[in-house]
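Asks: What follows is a predicted structure for the sequence shown.
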Amino acid sequence: DAGVIQSPRHEVTEMGQEVTLRCKPISGHDYLFWYRQTMMRGLELLIYFNNNVPIDDSGMPEDRFSAKMPNASFSTLKIQPSEPRDSAVYFCASSLGASGYEQYFGPGTRLTVT
Amino acid sequence: DQQVKQNSPSLSVQEGRISILNCDYTNSMFDYFLWYKKYPAEGPTFLISISSIKDKNEDGRFTVFLNKSAKHLSLHIVPSQPGDSAVYFCAANYGGSQGNLIFGKGTKLSVKP
């Protein structure tokens, strides 16, 4: 079975540009999570969806960040405009709520904003 | 304020010996705990979990111990293997919500041959 798929794996962009990160969850999973990992703050939950509906976006740092899940097999995290402090590794994870709390992570997107 | 703390940023162990990774938490509402392993350039991988109604859970070489009164859990790896070298994250969940998973900052384990 394919795991969680994220693209791109690496993104380098200039400050002010729009960045879109993509995620395909594991088929059949009903929860999708977006995390950000930095040295200072570790792994932080940004937003999560249940059955394609955003449940909690309180972790989204600013209005520059937005996330969508148009269907069960695709989600995007967009940053517009990007800033150097957004540089981090962004992980997407999915889970099957009925099976417990184990989340399955994608390989991450390393974002560098110069 | 960190609710899940892994106070040792790194740990070095000889192959074949026991590795003990520790995690402390502050929120008494946490009722489910998980350990994840992460290799460089990969996402965290689920390893083992424990419910707050138990004090021990074992899976092969991996055992997690939970001490609720001390708000402490530990992961034991016996025997340690070089392939176990990775960053280990402790995570805790509360309230029965999928979105309440809080991660520690991780401990880097190095197992030397």
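Replies: It's in.

Asks: Any regions of chain A where pLDDT drops low?
Replies: A:1 (pLDDT under 70).

Asks: Need the residue closest to the centroid of it.
Replies: A:Trp34 (3.1 Å; CA atoms, centre = their mean).

Asks: how deep is the closest residue to that residue other than its chain neighbours tucked in, by neighbour count?
Replies: Excluding the flanking residues, the one nearest A:Trp34 by CB to CB, 6 or more residues apart in numbering or on different chains is A:Leu46, at 4.4 Å. To be clear about C-beta, it is placed using only N, CA and C from the backbone, and glycine gets the same treatment. Look at A:Leu46: counted by other CB atoms under 10 Å in any protein chain shown, it has 19 neighbours.

Asks: For the one helix or strand the residue nearest to the centre of chain A maps to, which strands pair with it and how are they oriented?
Replies: Counting by DSSP states H and E, the element that carries A:Trp34 is strand A:31-38. When pairing is defined by DSSP bridges, strand A:31-38 lines up against strand A:42-50 (antiparallel), strand A:88-95 (antiparallel).

Asks: Return the set of buried residues in that strand.
Replies: A:Tyr31, A:Leu32, A:Phe33, A:Trp34, A:Tyr35, A:Arg36, A:Gln37 (16 or more other CB atoms under 10 Å in any protein chain shown).

Asks: anything in the host helix or strand of B:Ser74 sitting right up against chain A?
Replies: Counting by DSSP H and E, the element that carries B:Ser74 is strand B:72-77. No - Strand B:72-77 lies out of reach of chain A by CB under 8 Å from any CB of the partner chain, never closer than 14.7 Å.

Asks: what's whichever helix or strand comes after that strand packed up against?
Replies: Using DSSP H and E, the helix or strand that follows strand B:72-77 in sequence is strand B:86-94. Secondary-structure packing of strand B:86-94 (3 or more CB pairs under 8 Å, 6 or more residues apart in numbering or on different chains; DSSP states H and E): strand B:4-5, strand B:19-25, strand B:30-38, strand B:72-77, strand B:102-103, strand B:107-112.

Asks: now strand B:86-94: mean pLDDT?
Replies: Mean pLDDT, strand B:86-94: 95.

Asks: can you list contacts of it?
Replies: The contact list for strand B:86-94 (CB atoms under 8 Å, 6 or more residues apart in numbering or on different chains) reads A:43, A:101, B:3-4, B:6, B:21, B:23, B:25, B:27, B:29-39, B:44, B:47, B:73, B:75, B:100-109.

Asks: What subset of these is buried?
Replies: Using 16+ other CB under 10 Å, the buried members of these are A:43, A:101, B:4, B:6, B:21, B:23, B:25, B:30-38, B:44, B:47, B:73, B:75, B:100-107, B:109.

Asks: Okay, strands next: where are they in chain A?
Replies: Assigned by DSSP state E, chain A shows strands spanning A:5-7, A:10-13, A:19-24, A:31-38, A:42-50, A:53-56, A:65-71, A:74-79, A:88-95, A:104-105, A:109-113.

Asks: ok, whichever residue of chain A sits closest to chain B - contacts?
Replies: At 3.2 Å from chain B, A:Phe105 is the closest residue in chain A, using CB to the nearest CB. The neighbours of A:Phe105, taking CB under 8 Å, 6+ apart as the test, are A:Val4, A:Tyr35, A:Phe91, A:Cys92, A:Ala93, B:Tyr36, B:Gly43, B:Pro44, B:Thr45.

Asks: Next: B:Ser19.
Replies: Applying CB under 8 Å, 6+ apart, the residues near B:Ser19 are B:Leu11, B:Val13, B:Leu75, B:His76, B:Ile77, B:Val78, B:Ser80, B:Asp84, B:Leu109, B:Val111.
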